[in-house]
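K.L.:
Below are the sequence and a predicted model; questions follow.
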Amino acid sequence: MSDANDFPGYRSPALDVLEQQKAPVWSQATLHTSRGDFSGLILPRSETADAAHIVLKLDTGYNIGVRADTVRRITVHGRKVAHYKIPEKAFPYDPVKPRVKLIGTGGTIASRLDYRTGAVIPAFSPGELYGSVPELADVCNLETEKLYGVFSENMGPEQWMGTARAIAAEIEKGVAGIVVGHGTDTMHHTAAALTFMLQELPVPVVMVGSQRSSDRPSSDAAINLINAARTAATSDIAEVMVCMFGPTSDQYGLLHRGTRVRKMHSSYRSTFRTISDIPLARVDSEGVKPFRGDYNRRRDVKQVALKACFDDRVAIVYYYPNMKPDIIDSLIDHGYRGIIIAGTGLGHVNKPLYPALERARTAGAHVYMTVQTLWGYVQMYVYETGREIMELGVIPAANMMPEVAYVKLGWALGQSQDHDEVKRLMLTPVNGEITEREPHNGYLVMQGGIPEVDAFISEHWK
C-alpha cells in the first residue's frame, strides 16, 4: 500500500482521515459521508490508485472509492485482517476418471485478491484449483500448464499459434480433453483462430473464462470451470467451443461453436451468444445435452491436423457514413495484405471509397466484405452498389462474422499469397463459419436451441 511516507512533504487525504478517525486498514466500519452511509471493510489502497479516496469492500463484494473530503465521521465495528491465500490441497487421483489438461493464457477463472496491488491473482496449480473448486475432482483428473499470463486484449497471432501447438502436443499425449482458460474480451477471436489451426480434432477443446472475478459473490468462475471440465472430460463433441453461462443465472452453461460465437454484453455473465445459428449444447451437473447432431465427434486417436500459421498484415475496417478513402489508402501504404470490410446492409460502402478499393486491388491486397449487422448474409448482387464493389475486386464472405473473417484471412494468408488459393481457403467452410442457411430460431437475444425458448417459439412460429 502506498502512503504519505512514499512522497516526502505530501500527505494522503485518505490516510489523514483514517488516522484522525482511528480507523485503520482492515477495519469493519461505516463511513458517514455527505452522500450517505457506506459500510464495509476498509482496504489498503492500490499502489496505482489516487490518494484522495478510501477503498471500501461492501458486503456485496464490490469495491468502492469514497472521497476522503466527504467523510464526516467513521464508526469502527471491529477489525479483521483478511487472508486471501487459497488453501492448496493435493488434487486426488482417480484411475477411472478421464485426464483433462487445463492450459492457462490469462484471466481469472479461480483467483485470490492481492490487496497490495489491487490485482486478482489466478489460482492455477491443481492444488490451488482443488482448494478453490473441489468439485473438479468429481469430474476428472486435472493437470495444468500456465502457457501465458496476459490480459485477453494482449492475445494475438503469436499466442494463438503457441496455444494451438500446445494443444496438439497434449492431444498426442492422450488427454481426454483440453480446457483453455482465457479472458473473455477476445475469447471469440481465439476460439476462431484455434478452430482454423486445429482441424480434425479427436477430443473437445473448451475455452472458458469468467465475467466476474472469484473474490465477488456473483462470480461465474467456479461454475464455468466445472462445466468446461465436464465437457472436456465427457462430451462427445470434438470441436473448439466456448463454455460460459447460458442464462444470467447459474442454471446451466452453453457450448458455442468457436466460429459462430461472440461476446455480446460488457458485463452480463451470459454475455456469449451464438450468432446466426444455435449453440451446440447445454451443460450442467447432469452432463452435456446437445441441441443438434451436426458436430464433429470424439475419436480414439491422438493426432490432430495442426495448421498454426498467420499473416498479421490484416485489418478490419468498420464502414461508417462519410468514410474517407484515406483509411483504405493508409492500410495499403503500410503494407497490409488483407482487409475485411464490415459493410452496411447487404455489404455496401460509399462511392468515394471506390478509387481506394481499386488501388488495393492493384496493389494485390485481398479484400473481403462482411456485414456489420452480424446476422445475415452478404448479398452484393441485389443492388448496383454491391455489383460495382465486386467489380473492384471485393469478395463477398457469405455470413462470416467480421472478426472470424479477419482471423481466417490472416490464417489463409499465412499459407498462401495467391488470390485464387486464398479465396478457396476463405470460402471453404472449416467448421461452421459459413452456413448454407440461418435457422429461424437463431435470431434471438435469448438464444435459439434452449428448451424454454423453443417452447415459446413453437407457440408463434407457423
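P.N.:
Right, received. Where do you want to start? Numbers count the residues shown, from 1 in each chain.

K.L.:
which stretches of the stretch 151-300 of the chain form helices?
P.N.:
157-172, 187-197, 221-234 (DSSP state H, counting those that start in this stretch).

K.L.:
among those helices, which is the most enclosed?
P.N.:
Most buried of these, by mean neighbour count (mean count of other C-beta atoms under 10 Å): helix 187-197, with a mean of 27. C-beta: built from backbone N, CA, C; applies to glycine.

K.L.:
what's the angle from that one to helix 157-172?
P.N.:
60 degrees (axes from the mean of the first three to the mean of the last three C-alpha atoms, to 10 degrees).

K.L.:
Walk me through the domains of this protein.
P.N.:
4-79, 99-306, 314-427 (automatic domain parsing).

K.L.:
now the end-to-end length of the second one.
P.N.:
I take that to be domain 99-306. 22 Å (C-alpha to C-alpha, to the nearest Å).

K.L.:
same check, this time on stretch 411-419
P.N.:
So stretch 411-419: terminal residues 14 Å apart, C-alpha to C-alpha.

K.L.:
The chain should start at 21 in everything you say after this.
P.N.:
Renumbered: residue one is now 21, and that last one reads stretch 431-439.

K.L.:
Okay, buried residues for it please.
P.N.:
By neighbour count on 16 or more other C-beta atoms under 10 Å, the buried set for stretch 431-439 is W431, A432, L433, G434.

K.L.:
contacts for stretch 157-168?
P.N.:
Residues lying outside stretch 157-168 but in contact with it, judged by C-beta atoms under 8 Å, 6 or more residues apart in numbering, are 111-114, 117-126, 144-146, 149-150, 156, 175, 179, 182-183, 186, 195-197, 246, 249-250, 252-254.

K.L.:
Listing request: residues of the stretch 221-370 of the chain with sub-threshold pLDDT.
P.N.:
Along the stretch 221-370 of the chain, segments meeting pLDDT under 70 span 233-237.

K.L.:
so where do the strands sit in it?
P.N.:
For the stretch 221-370 of the chain, strands defined by DSSP state E, counting those that start in this stretch occupy the ranges 225-228, 260-265, 273-277, 281-283, 292-294, 301-304, 307-310, 325-326, 334-338, 358-363.

K.L.:
Quick check: which of those is nearest to L76?
P.N.:
strand 260-265 (28.1 Å; C-beta to C-beta).

K.L.:
What is that closest one packed up against?
P.N.:
Here strand 260-265 touches helix 207-217, strand 225-228, helix 241-254, strand 273-277, strand 292-294, going by 3 or more C-beta pairs under 8 Å, 6 or more residues apart in numbering; DSSP states H and E.

K.L.:
which residues does the nearest residue to V334 once chain neighbours are set aside contact?
P.N.:
Nearest in space to V334, with sequence neighbours left out and distances taken as C-beta to C-beta, 6 or more residues apart in numbering, is G358 at 3.9 Å. Shown in contact with G358 (C-beta under 8 Å, 6+ apart): D331, R333, V334, A335, A385, H386, V387, Y388, L429, G430, L433.

K.L.:
one step back: can you tell me which of the contacts of stretch 157-168 end up in strands?
P.N.:
R119, V120, K121, L122, I123, G124, G197 (DSSP state E).

K.L.:
Let's have those residues in JSON lines, adding pLDDT and neighbour count.
P.N.:
Shown next, in JSON lines, are those (pLDDT from 0 to 100; neighbours: other C-beta atoms under 10 Å):
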{"residue": "R119", "pLDDT": "97", "neighbour count": "17"}
{"residue": "V120", "pLDDT": "96", "neighbour count": "28"}
{"residue": "K121", "pLDDT": "95", "neighbour count": "24"}
{"residue": "L122", "pLDDT": "92", "neighbour count": "26"}
{"residue": "I123", "pLDDT": "92", "neighbour count": "22"}
{"residue": "G124", "pLDDT": "88", "neighbour count": "18"}
{"residue": "G197", "pLDDT": "98", "neighbour count": "29"}
